[in-house]
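Enquirer: Sequence and computational prediction follow.
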Amino acid sequence: MVAMAALLAATPCIAAELPSLGDAPPAITLPNLSGKTIELTDFSGKNTIITFFASWSKSCQAELINLQELKDELGASLEVYAISFDKRSKALAEYTEKNNLSLNFLIDKKLTSLNKYAILIIPTTFCINPEGKIDRIFVDYDENVKQALSDWLK
């Protein structure tokens, strides 16, 4: 009886399957900086990077600058979605404008993507290949991740 009660109490804590290499990334529906709802459901066709960040994080700031440089260099062959956990959309919009960032910014004020993508540390970055499968996952950002992202795209 005690074992059954313990099992029932633990059941709601069992997490959904986490995204892994070779999986299709979970679908996300979030607003962009203009308030338009964007549905990310099909990632096939080109290399895509999804990064989860907050604008106040120094490592996130460095990664966003690098992702903007990669996007500028590769143009239409690369899609970048930057999903922000910032609580204030206006502050995020000001940050992106001040730093000349033109990536696809989405806002997750309710943190709904945390569980879908098992985000524990920001930035966390998912590289999705043209077949629509997760090819690489990077947690945090430093010079090694910068080089690995560049290598993955070439």
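Expert: Sure, I can see it.

Enquirer: Going by C-alpha atoms from here, please, whenever you check contacts or count neighbours.
Expert: OK.

Enquirer: so what's residue 15 scoring on pLDDT?
Expert: Per-residue pLDDT puts residue 15 at 47.

Enquirer: scratch that, residue 154 is what I was asking about
Expert: So residue 154 comes in at 86 (pLDDT).

Enquirer: With residue 86 instead?
Expert: Confidence score, pLDDT, at residue 86: 91.

Enquirer: so residue 145 sits in a helix?
Expert: Yes. Residue 145 forms part of a helix when assessed by DSSP: H, G, I helix; E, B strand; the rest coil.

Enquirer: My guess is it contacts residue 127. True?
Expert: No. Counting by C-alpha atoms under 8 Å, residue 145 does not reach residue 127; the two are 11.6 Å apart.

Enquirer: In terms of neighbours, single out the busier of the two.
Expert: The neighbour comparison of residue 145 against residue 127 (other C-alpha atoms under 10 Å) goes to residue 127, with 23 against 16.

Enquirer: so what's the more buried one bridging to?
Expert: residue 49, residue 136 (DSSP bridges).

Enquirer: Where do the helices of this protein begin and end?
Expert: For the chain, applying DSSP state H gives helices covering 2-10, 58-74, 89-98, 113-117, 143-153.

Enquirer: Go through those helices and find the least confident stretch.
Expert: Minimum mean pLDDT among the helices of the chain: helix 2-10, a mean of 37.

Enquirer: Residue 98: neighbour count?
Expert: There are 9 residues near residue 98, going by other C-alpha under 10 Å.

Enquirer: make that residue 57, sorry
Expert: 12.

Enquirer: how about the nearest residue to it, chain neighbours excluded?
Expert: Once flanking residues are discounted, residue 57 sits nearest to residue 122: 7.9 Å by C-alpha to C-alpha, 6 or more residues apart in numbering.

Enquirer: quick one, phi/psi of the one you found?
Expert: As for residue 122, its main-chain torsions (degrees, to the nearest 10) stand at phi -110, psi 140.

Enquirer: got a list of what it touches?
Expert: 52-54, 57, 60, 139-140 (C-alpha atoms under 8 Å, 6 or more residues apart in numbering).

Enquirer: change it to 7 Å
Expert: 52-53, 60, 139-140 (C-alpha atoms under 7 Å, 6 or more residues apart in numbering).

Enquirer: Can you list the buried residues in stretch 41-49?
Expert: 43, 47-49 (16 or more other C-alpha atoms under 10 Å).
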